[in-house]
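Peer 1: Structure, please.
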Amino acid sequence: MNSPASTVINLRTPASQRELIDRAAQLQGKSRTEFMLEASREKAQQVLLDQTFFTVTPKQYKAFVALMDAPLSKNVALQRLLAKRSPWEK
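Peer 2: Down below sits the predicted model:
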């Protein structure tokens, strides 16, 4: 299978932003292009996933609401995790 053709994206940015991007890319052993495409792709996926919604039947919705409204079952591992202090609180 052939890969799709590449296309060019031109950007103008202040020198300070370019230097910041270059430093971060270098730390990850990537080219500026690789770094910027990865960051842009991740952000685009995040935005699109935040817009996702699910269509359900009335019966499925009723079952979902029942699950959400039901009391939580005792979960010792979860209780232990939630009782721990976060690393930034220490």
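
Peer 1: quick one: low-confidence ranges for this structure?
Peer 2: 1-3 (pLDDT under 70).

Peer 1: residues of the biggest helix by length in it that come out buried?
Peer 2: For the chain, the helix with the greatest residue count under DSSP state H is helix 32-50. For helix 32-50, burial by neighbour count (16 or more other Cβ atoms under 10 Å) applies to 35-36. Using the backbone N, CA and C atoms, a C-beta is placed for each residue, glycine as well.

Peer 1: And it, what does it pack against?
Peer 2: helix 15-27 (3 or more Cβ pairs under 8 Å, 6 or more residues apart in numbering; DSSP states H and E).

Peer 1: what is the orientation angle of the helix it packs on with helix 32-50?
Peer 2: Per axes from the mean of the first three to the mean of the last three Cα atoms, to 10 degrees, the angle that helix 15-27 makes with helix 32-50 is 90 degrees.

Peer 1: Please list the residues outside helix 15-27 that contact it.
Peer 2: By Cβ atoms under 8 Å, 6 or more residues apart in numbering, the residues outside helix 15-27 that reach it are 13, 31-32, 34-36.

Peer 1: what separates that helix from the chain centre, distance-wise?
Peer 2: 22 Å (Cα atoms, centre = their mean, to the nearest Å).
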